[in-house]
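> Fold the stuff below for me.
(one chain, ligands or ions: 3)
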Amino acid sequence: MEYNSKEIGGGGVWGPKAWAFLSAVRRQSPLVQCITNFVSMDLMANTLLSAGASPAMLHSIEEIPDFTPHAHALCINVGTISPSWLPAMKAAAELSSKLGKPWVLDPVACGASSFRLNACLELVALKPIVIRGNGSEIVALAKASVEPAKGVDSIHGSMDAVEAAKSLAQESGAIVAVSGAVDIVTDGKRVLGASNGVAMMQSITATGCSVTALITAFVAVDKIHALEASVAALSIFGVAGEMGMRLAKGPASLRMHLIDSLYGLDEAAVLSHVNITTLS
Ligand SMILES: Nc1ncnc2c1ncn2[C@@H]1O[C@H](COP(=O)(O)OP(=O)(O)OP(=O)(O)O)[C@@H](O)[C@H]1O
Ligand SMILES: Cc1ncsc1CCO
Ligand SMILES: [Mg+2]
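Ligands and ions are numbered 1, 2, ... in the order given. Just a heads-up that it's a prediction; the model follows:
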């Protein structure tokens, strides 16, 4: 995709960019392989379908040589990792990188144990194009230290993790995204912020996992612009949350309306709601 790279500030230039990404996903319907946790499989697959992508939750190591080459992108999430899952994650990541296909890492609760942290560090070494976590996950991964936060939930705001995100991006070569009230995305130099979404999204399990999968679908259609793809996916998911919140009565109905809103997003809603700015 071609963009006017000259930023003219605010959502003005980003609304059309975000719409271009969502439209490309709807048009191309990329096949996204997800090796993810048991909690997130349903919401993640439905998020991808609602955005127009095609999810496939294949995680067996025996299937990777046949299947992974057909996927347009790969999402790896360590949420319920056990030692038997790690070889398949590494094999799929390695094969994707070898084939020039983008893959995205969600380092769920990477500070919770040394096994989980080391698994994430091994995966980071296999060159994900994007790493998306919450504030505590990005701080733990950047410091490479076990420091139990609150399990899969964050005790850091996304803005508390900006420096950690920049240093992780510089060390790893990946785009790093931190979700929160303002979603932060950095390549180690530029820092973009997406101020969409509603706080109640934190009360639905696996919304973070699902937005990581949406980022994967967006980089599947334009891996050259992974920074822009990531911030656009975070903003679009947030806009769907804002629209869904108008009809929701609580987390359970927000979950349903978020999916419906993502499915039904039109250009006018995207252009008027996307709120992406350059932070530095
Ligand atoms: N205070 C907030 N206001 C608006 N949106 C928010 C807020 N906090 C989180 N979000 C949004 O909620 C979604 C999930 O982000 P969160 O940081 O909770 O991820 P997570 O901790 O990895 O979640 P999970 O592990 O349950 O998948 C993102 O789209 C994010 O933008
Ligand atoms: C609750 C939970 N536990 C492990 S993974 C997961 C989903 C949110 O990350
Ligand atoms: Mg998470």
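
> So what's the residue count around the closest residue in space to E94 that isn't next to it in sequence?
Nearest residue to E94, sequence neighbours excluded (CB to CB, 6 or more residues apart in numbering): L126, at 5.7 Å. C-beta: built from backbone N, CA, C; applies to glycine. Counted by other CB atoms under 10 Å, the residues lying close to L126 total 19.

> so L126 is in which element?
Using DSSP states H and E, L126 is not contained in any helix or strand.

> separation between it and C75?
According to CB to CB, to the nearest Å, L126 stands 14 Å off from C75.

> my read: the residue nearest to E94 touches L95, true?
No - counting by CB atoms under 8 Å, L126 stays clear of L95, with 9.8 Å between them.

> For E267, the count of nearby residues, please.
E267 - counted by other CB under 10 Å - has 12 other residues nearby.

> quick one: contacts for it?
W19 (CB atoms under 8 Å, 6 or more residues apart in numbering).

> Return the per-residue confidence for it.
pLDDT for E267: 98.

> Up against ligand 1, what does the chain have?
108, 134, 152-154, 179-181, 183, 197-199, 201-202, 205-209, 211, 234, 237-238 (CB under 6 Å from any ligand atom).

> Please identify which helix or strand holds the residue in the chain positioned nearest to ligand 2.
Closest residue of the chain to ligand 2, CB to the nearest ligand atom: G79 (2.9 Å). Counting by DSSP H and E, no helix or strand carries G79.

> now the residue nearest to it when sequence neighbours are not counted: how far from L43?
Nearest residue to G79, sequence neighbours excluded (CB to CB, 6+ apart): N37, at 2.8 Å. For N37, the distance to L43 equals 11 Å [CB to CB].

> again, but for A53
Distance of A53 to L43, given as CB to CB: 14 Å.

> Who has more neighbours out of these two?
Neighbour count, other CB under 10 Å: between A53 and L43, A53 has more, with 25 against 20.

> which neighbours do L126 and C75 share?
What both L126 and C75 touch, as defined by CB under 8 Å, 6+ apart, is an empty set.

> longest helix anywhere in this protein?
helix 226-245 (DSSP state H).

> mind checking how far it is from the chain centre?
Put simply, helix 226-245 sits 10 Å off its chain's centre (CA atoms, centre = their mean, to the nearest Å).

> now swap in stretch 204-216 and tell me
With CA atoms, centre = their mean, you get 6 Å for stretch 204-216.

> which residues sit against it?
Under CB under 8 Å, 6+ apart, the answer for stretch 204-216 is 32, 34, 36-37, 39-40, 43-44, 47-48, 51, 55, 73-75, 77, 79, 102-104, 106, 108, 130, 132-134, 177, 179, 201, 229-230, 233-234, 236-237, 241, 251, 254-255, 258.

> contacting residues for the closest residue to ligand 3 within the stretch 1-150 of the chain?
The nearest approach of the stretch 1-150 of the chain to ligand 3 comes at V108, 4.6 Å away (CB to the ion). By CB under 8 Å, 6+ apart, V108 lies in contact with 37, 77-79, 133, 137, 152, 208-209.

> and with 6 Å instead?
Contact analysis of V108 by CB atoms under 6 Å, 6 or more residues apart in numbering lists 77-79, 152.

> can you list the residues of the stretch 101-250 of the chain near ligand 3?
Contact residues (CB under 5 Å from the ion) of the stretch 101-250 of the chain with ligand 3: 108, 208.

> For ligand 1, what's the nearest residue on the stretch 101-250 of the chain?
For the stretch 101-250 of the chain, CB to the nearest ligand atom, closest residue to ligand 1: G208, 2.2 Å.
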